[in-house]
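**Q** Provided below for reference: sequence and predicted model.
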Amino acid sequence: EPEVTQTPSHQVTQMGQEVILRCVPISNHLYFYWYRQILGQKVEFLVSFYNNEISEKSEIFDDQFSVERPDGSNFTLKIRSTKLEDSAMYFCASRPSRNGGHEQYFGPGTRLTVT
Amino acid sequence: AQSVTQLGSHVSVSEGALVLLRCNYSSSVPPYLFWYVQYPNQGLQLLLKYTSAATLVKGINGFEAEFKKSETSFHLTKPSAHMSDAAEYFCAVSPNFGNEKLTFGTGTRLTIIP
């Protein structure tokens, strides 16, 4: 069964460093998302991406964040200068077209630890 | 704007007993509703979904949920709890148009007592 994959599973970085979190969505899906979950808190929406552009972003997704789909298969989240408060589990998700279903399929997550 | 309230951050039930996890939503447009389960150190797995067809929806692992518009609820139930049901359960809502971003509740941790 197709699944969303994410790498790395755990990333440790120092404050101020840039990180790139990678995701490979399910191949025929058209909508892509990033969510994050700070330890012990709920899952929060960061950004959605459709047709090679951001379709919506939350207030969390400030200028330090960017997303890219560089080659038609990968979907990346970049944090330019990490802060301690960026420590969280980051989930990538994808969804087929509207006619293909409305559920989002989540990857296993990348745990980002900023020290 | 949309929001989800999950009553009870922790629920404990005995093995074989009824599981009831509560979810109420607020939405200015017709919603889609979902329950996801998260096992320790794993990602989110879809349990079931409501997308404006039948109001009683059945999911995996014997779970089901009923969409009640008048009560703005989407409670999750399972007739008989199993030890393997111990996990964190998240209710989520999305609008029925656009990018359909998910808004999650705070989660309910389900513990099964042997």
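**A** Structure's in. What do you need?

**Q** Which residue is the nearest non-sequential neighbour of the residue nearest the centre of chain A?
**A** Compute the mean C-alpha point of chain A, and by C-alpha atoms, centre = their mean the closest residue is A:Trp34, 3.1 Å away. Nearest non-adjacent residue to A:Trp34, counting by C-beta to C-beta, 6 or more residues apart in numbering or on different chains: A:Leu46, 4.3 Å away. From N, CA and C alone the C-beta is placed, and that goes for glycine too.

**Q** quick one: the one you found and A:Lys57 touch, right?
**A** Yes. Between A:Leu46 and A:Lys57 there is a contact at 7.0 Å, judged by C-beta atoms under 8 Å.

**Q** who's more crowded, these two?
**A** When A:Leu46 is set against A:Lys57 and neighbours are counted by other C-beta atoms under 10 Å in any protein chain shown, the residue ahead is A:Leu46, at 22 against 17.

**Q** Let me see the contact set for the closest residue to A:Ser73 other than its chain neighbours.
**A** Leaving aside its sequence neighbours, A:Ser73 sits nearest to A:Val24 (C-beta to C-beta, 6+ apart; 5.8 Å). Going by C-beta atoms under 8 Å, 6 or more residues apart in numbering or on different chains, A:Val24 touches A:4-6, A:73-75.

**Q** residues contacting B:Tyr36?
**A** So B:Tyr36 contacts A:106, B:44-47, B:89-90, B:92, B:104 (C-beta under 8 Å, 6+ apart).

**Q** which phi and psi does it have?
**A** Main-chain dihedrals, B:Tyr36, degrees, to the nearest 10: phi -120, psi 150.

**Q** what about the residue nearest to the spatial centre of chain B, is that helix, strand or coil?
**A** By C-alpha atoms, centre = their mean, chain B has its centre lying nearest to B:Trp35, at 3.4 Å. Here B:Trp35 is recorded as strand under DSSP: H, G, I helix; E, B strand; the rest coil.

**Q** before we move on, the earlier item: now, the most widely separated pair of the contacts of A:Val24?
**A** Farthest apart among the contacts of A:Val24 by C-beta to C-beta are A:Gln6 and A:Ser73. That separation is 13.2 Å.

**Q** Please say which of the two ends up with more neighbours.
**A** More crowded of A:Gln6 and A:Ser73, by other C-beta under 10 Å: A:Gln6, with 21 against 10.

**Q** Thought B:Lys49 was touching B:Tyr32, still the case?
**A** Yes. In this structure B:Tyr32 lies within contact range of B:Lys49 using C-beta under 8 Å: 6.8 Å.

**Q** Report the set of residues contacting both of those two.
**A** Listed as contacting both B:Tyr32 and B:Lys49 by C-beta under 8 Å, 6+ apart are A:His102.

**Q** So A:Ser55 is in contact with A:Phe45, correct?
**A** No. Taking C-beta under 8 Å as the definition, A:Ser55 is not a contact partner of A:Phe45, at 11.6 Å.

**Q** more neighbours, the two?
**A** Shown here are A:Ser55 and A:Phe45; by other C-beta under 10 Å, A:Phe45 has more neighbours (22 against 16).

**Q** That one belongs to a strand?
**A** Yes. Note on A:Phe45: a strand contains this position according to three-state DSSP.

**Q** Pretty sure it sits against B:Pro95.
**A** No. Here A:Phe45 does not reach B:Pro95: they are 12.0 Å apart, not a contact under C-beta under 8 Å.

**Q** Quick check: neighbours shared by the two?
**A** Contacts common to A:Phe45 and B:Pro95, judged by C-beta under 8 Å, 6+ apart, are B:Lys101.
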